[in-house]
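Enquirer: give me a model of this one.
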Amino acid sequence: MVMERRSSVLILLSIFIFGIAGTPALAATNEYIYNYYLKVEQMKYEPFPAEPGQYVKVWLKLKNVGSKQLNNVYLMLEEEYPFSFDPGDNGTKIISSINPSQEILVEYEIRVDSKALEGDYDLNLKYKIGSSGRSIISIPITMSVTTPNPVLDFVTVRYEPERLSPGDIAKIILTMRNNADSDIKDISLALDLSGEDIPFAPLNGISEKTIRALSVGESRDVVFDIIVEGNAVSQVYKIPLDVSYSDAAGNEITRSDNLALVVDEQPDLLYSLEPAEGYFTKGMTGDVVLSISNKGLTKVSFLDVEILDSDQYSLVSNNKVYIGNIDSDDYETAEFKINIGKVKGEIPIRFKINYKDNFNKLHTDYKDINLRIYTSGELSKLGLVQGNYNGVYFLIFIIAIAGGWFYYKKYYKKKK
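Expert: Down below sits the predicted model:
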């Protein structure tokens, strides 16, 4: 009976030992031991994570943990979507020998399908020792695939109104879409209006918007309300936009973009005309002075003035004067010499003014500015000239002499 029990124990122990010997044993994460002789370990893969349409390199470490040399070690990595080998590569590698305690590094290069979705994928690794060795199929090689950033796209950026003026209240409307293969969450968009040269302020003090999540392919509008400062100069302003969100793997992604806002205050010019000598009468030749004042907030450039022809006056000097730039709240003058025809009352003096704004856009103004033509009597009444009394006195004197002579001839000679 004792011998029978010992035999039963030996038989069971042998079955247990040989049963283990025919099965791979998991030594640690991504480490497998075959027949307690060969240990296979997935070391790393690059890039991490893998990207659709790109190649990824995978490194495996083989170690002989037994006391005998291992010959003809076959490794067979099976293709599994979204991974594939280039033509001519079937994923099989043969290591002729591995000495006891020796480590061998094996490298695979695999292509990732361009339409691969985000997620974790497994490849099966078969390996055997010797041409007649038993194959092991259930060893996974795990890799993560993620779509390249950015996965959050701004489809359109709109402004209402499109071109702003100082003091305007405006809207910035951002339409964003999730172009990733998985949901994104914790989306934050922040306008940076802190720059000294940025003449905008958030209406109600809100310059940051958050969205909890966007599903795959979902679009959503984000609206910022801003006000333009009253002293904003006409030009294009770059507004930094800071964006952050988390992808499906929990990675936080940040990026910075720039928005372009246009302040376009139209030039505001005031024209006035004065005679250089103070007044004009018919037939008189003199200078007229055109004064141009810039009442707007934007500078005007390359300004020139042309006086146009008329049948009520003729030009004596050049017909065009170049002025150049006129800053905000400043003025310049242009002077022309003209001869007034036989006219009276008010006559229009015609001008053509060309200039450019801050965006180099050409503007042309046509202006008819009235000029008063005075008579001598009007000038005397207004005290602009002294009355000519010598002629009146001379006329009275002549009349008196003529009257005296007439009286002498008629009465004095009769008495004789």
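Enquirer: name the nearest residue to Ile173, sequence neighbours excluded.
Expert: Take Ile173 and drop its neighbours on the chain: the residue closest to it by Cβ to Cβ, 6 or more residues apart in numbering is Arg158, 4.4 Å away. Backbone N, C-alpha and C define where each C-beta goes, glycine included.
Enquirer: from Lys171, how far out is that neighbour?
Expert: In this view, Arg158 and Lys171 are 8 Å apart by Cβ to Cβ, to the nearest Å.
Enquirer: phi and psi next, for Thr156.
Expert: Note on Thr156: its backbone torsions stand at phi -140, psi 150 [degrees, to the nearest 10].
Enquirer: and what of the one 10 residues further on?
Expert: As for Pro166, its main-chain torsions (degrees, to the nearest 10) stand at phi -50, psi 130.
Enquirer: need the contact list for it.
Expert: The contact partners of Pro166, taken as Cβ atoms under 8 Å, 6 or more residues apart in numbering, are Pro199, Val228, Glu229, Gly230, Asn231, Ala232, Val263, Glu265, Leu297.
Enquirer: surely Ile292 is in contact with Leu303?
Expert: Yes. Ile292 lies in contact with Leu303 (Cβ atoms under 8 Å); the separation is 7.2 Å.
Enquirer: which neighbours do these two have in common?
Expert: Ile323, Ile326, Glu332, Ile353.
Enquirer: could those residues go into a markdown table alongside distance to Pro52?
Expert: Converted to a markdown table, the shared contacts of Ile292 and Leu303 look like this (distance: Cβ to Cβ, whole Å):
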| residue | distance to Pro52 |
| --- | --- |
| Ile323 | 62 |
| Ile326 | 59 |
| Glu332 | 64 |
| Ile353 | 61 |
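Enquirer: now, those that are in strands?
Expert: Ile323, Ile326, Glu332, Ile353 (DSSP state E).
Enquirer: including neighbour count, could these go into JSON lines?
Expert: Formatted as JSON lines, these follow (neighbours: other Cβ atoms under 10 Å):
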{"residue": "Ile323", "neighbour count": "18"}
{"residue": "Ile326", "neighbour count": "20"}
{"residue": "Glu332", "neighbour count": "18"}
{"residue": "Ile353", "neighbour count": "20"}
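Enquirer: nearest to Ser256 among those residues?
Expert: Within these, the smallest distance to Ser256 is 38.3 Å, found for Ile326 (Cβ to Cβ).
Enquirer: what about that closest one, distance to Met76?
Expert: For Ile326 relative to Met76 (Cβ to Cβ), the value is 82 Å.
Enquirer: cool, Thr254 as well?
Expert: 42 Å.
Enquirer: the more surrounded of those two?
Expert: Looking at Thr254 and Met76 with other Cβ atoms under 10 Å, you find the greater number of neighbours at Met76, namely 16 against 10.
Enquirer: name the helix or strand for the nearest residue to the more buried one once chain neighbours are set aside, please.
Expert: With Cβ to Cβ, 6+ apart as the criterion, Met76 has its nearest non-adjacent residue at 4.0 Å, and that residue is Lys126. Assigned by DSSP states H and E, Lys126 falls within strand 119-129.
Enquirer: after that strand, which helix or strand is next?
Expert: strand 136-145.
Enquirer: let me know the average pLDDT across that next one.
Expert: Strand 136-145 shows an average pLDDT of 76 in the prediction.
Enquirer: cool, and stretch 202-222?
Expert: Here the average pLDDT along stretch 202-222 is 90.
Enquirer: how about stretch 57-70?
Expert: Here the average pLDDT along stretch 57-70 is 89.
Enquirer: can you give me the buried ones in it?
Expert: Counting neighbours by 16 or more other Cβ atoms under 10 Å, one finds that the buried residues in stretch 57-70 are Val58, Leu60, Lys61, Leu62, Lys63, Asn64, Gly66, Leu70.
Enquirer: the second one looks like it's in a helix, true?
Expert: No. Secondary structure assignment places Leu60 outside any helix; it is strand (DSSP: H, G, I helix; E, B strand; the rest coil).
Enquirer: contacting residues for the nearest residue to it once chain neighbours are set aside?
Expert: For Leu60, ignoring the flanking residues on the chain, the nearest one in space by Cβ to Cβ, 6+ apart is Val106 at 4.6 Å. When contacts are counted by Cβ under 8 Å, 6+ apart, Val106 touches Trp59, Leu60, Lys61, Leu62, Leu75, Lys93, Ile95.
Enquirer: how much space between Val106 and Lys63?
Expert: Separation of Val106 from Lys63 (Cβ to Cβ) stands at 11 Å.
Enquirer: from memory Glu160 sits against Val223, does it?
Expert: No. Using Cβ under 8 Å, Glu160 is not in contact with Val223; the gap is 9.3 Å.
Enquirer: shared neighbours, these two?
Expert: Common contacts of Glu160 and Val223 (Cβ under 8 Å, 6+ apart): Lys171, Ile173.
Enquirer: need the pLDDT of Lys416.
Expert: pLDDT at Lys416 comes out at 52.
Enquirer: let me fix that, I meant to ask about Lys185.
Expert: For Lys185, the predicted pLDDT is 91.
Enquirer: what about the helices in the stretch 301-416 of the chain?
Expert: Assigned by DSSP state H, counting those that start in this stretch, the stretch 301-416 of the chain shows helices spanning 376-381, 390-407, 413-415.
Enquirer: wait, Asp311 sits on Lys342?
Expert: No. Counting by Cβ under 8 Å, Asp311 stays clear of Lys342, with 10.9 Å between them.
Enquirer: where do the contact lists of these two overlap?
Expert: By Cβ under 8 Å, 6+ apart, no residue touches both Asp311 and Lys342.
Enquirer: I figured Val243 hits Leu191, correct?
Expert: No. Using Cβ under 8 Å, Val243 makes no contact with Leu191, being 10.8 Å away.
Enquirer: which one of these two is surrounded by more residues?
Expert: Legend: neighbour count by other Cβ under 10 Å for Val243 and Leu191, higher for Leu191 (21 against 18).
Enquirer: spatially nearest residue to that one (excluding sequence neighbours)?
Expert: Computed as Cβ to Cβ, 6+ apart, the closest residue to Leu191 that is not its neighbour in sequence is Ser207, at 4.6 Å.
Enquirer: next, the contact list for the one you found, please.
Expert: Taking Cβ under 8 Å, 6+ apart, we find Ser207 in contact with Ala190, Leu191, Asp192, Leu193, Phe224.
Enquirer: ok, the third one to Asp257 distance?
Expert: For Asp192, the distance to Asp257 equals 11 Å [Cβ to Cβ].
Enquirer: and for those two, which residues touch both?
Expert: Between them, Asp192 and Asp257 share these contacting residues under Cβ under 8 Å, 6+ apart: Pro240, Leu241.
Enquirer: lovely, talk soon.
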